[in-house]
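Asks: Okay, predicted coordinates and the sequence, questions at the end:
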Amino acid sequence: MNKTVNQKAWFLVLPVLVLVAFSAVIPLMTVVNYSVQDTFGNNVFFWNGIRWFEEMLADERMWNALGRQLVFSSIILAIEVPLGILVALSMPKRGFWASFCLVVMSLPLLIPWNVVGTIWQIFGRIDIGLLGYTLDAIGIDYNYTQDFYAAWITVVVMDVWHWTSLVALLAYAGLQSIPDAYYQAAKIDQASRWAVFRYIELPKMAGVLMIAILLRFMDSFMIYTEPFVVTGGGPGNATTFLSIDLVKMALGQFDLGPAAAFSIMYFLVILLISWVFYTVMTNLDKRDAKG
Amino acid sequence: MAKITLENLAHSYLPNPSAEDDFALKELNHDWADGEAYALLGSSGCGKSTLLNIISGLLIPSQGRVLFDGQDMTHAPTAERNIAQVFQFPVVYDTMTVRENLAFPLKNRRMPADEIARRVQKVGAMIGMEAELGRKARGLTADAKQKISLGRGMVREDVNALLFDEPLTVIDPHMKWELRTQLKKLHHDFGHTMIYVTHDQTEALTFADKVVVMYDGRVVQIGTPQELFERPAHTFVGYFIGSPGMNLFDAELAGTAATVDGARVELGRAYAARGRRVQLGVRPEFVRIGTGDAGIPARVRRVEDVGRHKIVRLEVAGREVSAIAGEGTRIPADANRITFDPEGINVYADDWRVAPEGEAA
């Protein structure tokens, strides 16, 4: 069949192109612009090549932040995914309590990031916070502004509190899509509880869990507001994750060039990881379709 | 293998059933004889699956008892009952191979590996999937998946009963015959008690020794296919079994005859029909078409030739009536009357069959 060639069709794509250009491409290009230039003020820029990139790659500070970031993301995934599944499995399947649980579970998701940060910042204070005061009263040395472990635990627990619901809700949706007949057949086949989970529930949840892991990974990899409000990246640099470090560099020190180079590499890392996830997921789907 | 007894069994999905209508399954007493093949026939929502799930222990009845060989199993969990059940929609464990799927119920019962392998091979052959035993169950067609589900039911040889809940709905017609034959063979070889739920009368009549017809949560008749055809105990059985179903005529009884639409119909026997609504039930096979003044006035609407015979649709006093005529029979153009074979007439009072005087009900 001959395809009709009509170059005018490009005009139909134009509105989207313009929109994307203004919302993403042009701002990104500004960053690219900064990353390859240097300035001594007065709005005079000159070409700097890839020197900022070389400098950033050699900079221990960025690698440390990346290391902390990866450790943080791994920890919260390792906690939130199993915990979310566990919560989803123990939620009632139907009736009033199912709706009730769903509403309660979605509450943390509805709270703005900086509010979550503020809640935990106050919650953990030794002088007025319920958590901090209680821990202090029973003799546990807890101070997230001073102690490395206390700060990490606070940030991790806060993220778990905020986002486990998302994993749980997605896993719950996956569980709800399993027809009763599967459970009945498993009973007839005398499958153990573990076998039901391993051979029925987990395979049926695999798709949504992949999405949950992707979402949680991306989100935690870009986390900024909550730790910034609670610990401000401290004590020292203990909870300075990539975004916090980037903002410190770009706005705190006004090192626009290195910060722009940093941003672009940060962006590429996220793009790479998303691509890997996407490829794995589509391959899973293809395997499903082909059998 | 066991005889399964249902005692005053009834079930309601409501927490506090009071009226009879609240019950999905109305009070029922029945023995499922050991080693017999039953078909449970009825339209959708008549309580067939409820009954099956009670027997297999997936559902605890609101009242009554379930006995296996006289032992009370009403509250025993499914695992203790040793029952195999196959569901309407295929259930396979996606991440396992076909072989692992078939072996699963045996493995869960800690059977020795060589015995499992032997049975899986045998069942694989029965369902025609020997060549595919090694492949993953994910992505198989609905047919193939249902065959695996059937296989998982058949692989256990020592079960008390095998229950099938409309298992062949998703399978294509050619394979249906094949699998039904395999099931019959399995029944012949092992003598399991089998209960086969279906809403397809052909399936029920070809599979079973005894057919149990359910209607509105109640068992209305249990009998051989022939009994169901000749002496339907309830108008529903007459309507549901047979193609087309039984014709019903409002009638008044007087002695050994009845009056239908002003015409006299000889019954040959007297009936003591009590009830508000008396009806004659006549299967299309026993309706004769003729001309003249004898019989009930009727008008031929159309004739459907289905090959082996013709189905004649007639109008009698505004209602549709069907008759079956042999392939060679000519339907006269001026046909205006129908008559019945006295043999083929059943009398119903309020939908239940009334036995003629002198015959046991």
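Replies: All right, it came through fine. Just so it is clear, the model here is predicted, and its values are computed rather than measured. Residues are numbered from 1 along each chain as shown, chains lettered A, B, ... in the order given.
Asks: list the buried ones in the lengthiest helix in chain B?
Replies: When chain B is parsed with DSSP state H, its longest helix is helix B:173-190. Going by neighbour count (16 or more other CB atoms under 10 Å in any protein chain shown), the buried part of helix B:173-190 is B:Met175, B:Lys176, B:Leu179, B:Arg180, B:Gln182, B:Leu183, B:Leu186, B:His187. In short, each C-beta sits where N, CA and C put it, glycine included.
Asks: Quick check, the second one in contact with B:Pro167.
Replies: Looking back up the chat, that one is B:Lys176. No. B:Lys176 is beyond contact range of B:Pro167, at 9.8 Å (criterion: CB atoms under 8 Å).
Asks: what residues does the following helix or strand past the longest helix of chain B touch?
Replies: Counting by DSSP states H and E, the next helix or strand C-terminal to helix B:173-190 is strand B:193-198. The set of residues external to strand B:193-198 that reach it, using CB atoms under 8 Å, 6 or more residues apart in numbering or on different chains, is B:1-4, B:32-41, B:48-49, B:52, B:55, B:160-168, B:183, B:187, B:203-204, B:207-208.
Asks: Let me know the pLDDT of whichever residue of the stretch 1-150 of chain B sits closest to chain A.
Replies: Going by CB to the nearest CB, chain A is nearest to B:Gly139 of the stretch 1-150 of chain B, at 1.8 Å. We have a pLDDT of 81 for B:Gly139.
Asks: Show me which residues of the stretch 101-250 of chain A sit near chain B.
Replies: A:179, A:181-182, A:184-185, A:187-192, A:195, A:199-200, A:203-204 (CB under 8 Å from any CB of the partner chain).
Asks: mind running it again at 10 Å?
Replies: Within the stretch 101-250 of chain A, the residues that sit near chain B (CB under 10 Å from any CB of the partner chain) are A:179-192, A:195-196, A:198-200, A:202-204, A:206.
Asks: These in helices, which ones?
Replies: The helices, defined by DSSP H, take in A:180-188, A:195-196, A:202-204, A:206 from these.
Asks: So of the residues you listed, which two are at opposite extremes in space?
Replies: For these, the maximum inter-member distance is 24.0 Å, found between A:Ile188 and A:Ala206 (CB to CB).
Asks: what's near enough to touch B:Leu41?
Replies: Listed by CB atoms under 10 Å, 6 or more residues apart in numbering or on different chains, the contact partners of B:Leu41 are B:48, B:196-201, B:203-205, B:208, B:211-215, B:221, B:228, B:237, B:240-241.
Asks: quick one, phi psi at the closest residue to it other than its chain neighbours?
Replies: Residue nearest to B:Leu41 in three dimensions, not counting chain neighbours: B:Ala204, with 4.3 Å by CB to CB, 6 or more residues apart in numbering or on different chains. Backbone torsions for B:Ala204, taken as degrees, to the nearest 10, come to phi -60, psi -50.
Asks: I'd like to know how many residues surround B:Ala204.
Replies: Residues contacting B:Ala204 under the criterion other CB atoms under 10 Å in any protein chain shown number 25.
Asks: list the contacts for it?
Replies: B:38-42, B:196-198, B:210-213, B:225, B:228, B:240-241 are the contacts of B:Ala204 under CB under 10 Å, 6+ apart.
Asks: measure A:Pro92 to chain B for me?
Replies: In this structure, A:Pro92 and chain B are 16 Å apart, going by CB to the nearest CB, to the nearest Å.
Asks: name the element the residue nearest to that residue when sequence neighbours are not counted belongs to?
Replies: Excluding its sequence neighbours, the residue lying closest to A:Pro92 (CB to CB, 6+ apart) is A:Ala98, at 4.6 Å. Following DSSP H and E, the helix or strand that holds A:Ala98 is helix A:96-110.
Asks: List the buried residues in that helix.
Replies: Neighbour-count burial for helix A:96-110 [16+ other CB under 10 Å]: A:Cys101, A:Met105, A:Pro108.
Asks: ok, now stretch B:328-336?
Replies: Neighbour counts over stretch B:328-336 (16+ other CB under 10 Å) mark B:Ala335, B:Asn336 as buried.
Asks: What pLDDT does the model give B:Ala254?
Replies: pLDDT, read off for B:Ala254, is 80.
Asks: From what I see, it and B:Arg264 are in contact.
Replies: Yes. The pair B:Ala254 / B:Arg264 is scored as a contact, 8.8 Å apart, by CB atoms under 10 Å.
Asks: and B:Ala258, that's in a strand?
Replies: Yes. B:Ala258 sits within a strand when classified using DSSP: H, G, I helix; E, B strand; the rest coil.
Asks: check contacts around it.
Replies: Residues near B:Ala258 by CB under 10 Å, 6+ apart: B:249-252, B:264-267, B:271, B:273, B:278-280, B:340, B:345, B:347.
Asks: Restricted to buried residues, select those residues in PyMOL.
Replies: In PyMOL, a selection of the buried entries from those looks like this (16+ other CB under 10 Å):
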select buried, chain B and resi 249+251+265+267+271+273+278+279+280+340+345+347
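Asks: Of the contacts of B:Ala258, just say which sits nearest to chain A.
Replies: Distances from chain A to the contacts of B:Ala258, taken by CB to the nearest CB, are shortest for B:Gln279, at 40.0 Å.
Asks: The host helix or strand of that closest one packs against which elements?
Replies: Following DSSP H and E, the helix or strand that holds B:Gln279 is strand B:278-282. With contacts taken as 3 or more CB pairs under 10 Å, 6 or more residues apart in numbering or on different chains; DSSP states H and E, strand B:278-282 sits against helix B:235-240, strand B:247-250, strand B:252-254, strand B:257-260, strand B:319-326, strand B:337-340, strand B:345-349, strand B:352-354.
Asks: Could I get the full set of helices for the stretch 1-150 of chain B?
Replies: B:48-56, B:78-81, B:98-108, B:113-126, B:142-154 (DSSP state H, counting those that start in this stretch).
Asks: For those helices, give me TSV that also has mean neighbour count, mean pLDDT and distance to chain A.
Replies: Compiled in TSV, the helices of the stretch 1-150 of chain B are given as follows (neighbours: other CB atoms under 10 Å in any protein chain shown; pLDDT from 0 to 100; distance: least, CB to the nearest CB, whole Å):
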stretch	mean neighbour count	mean pLDDT	distance to chain A
helix B:48-56	23	87	7
helix B:78-81	16	83	4
helix B:98-108	22	90	4
helix B:113-126	16	89	13
helix B:142-154	23	86	6
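Asks: I am finished for the moment; much appreciated.
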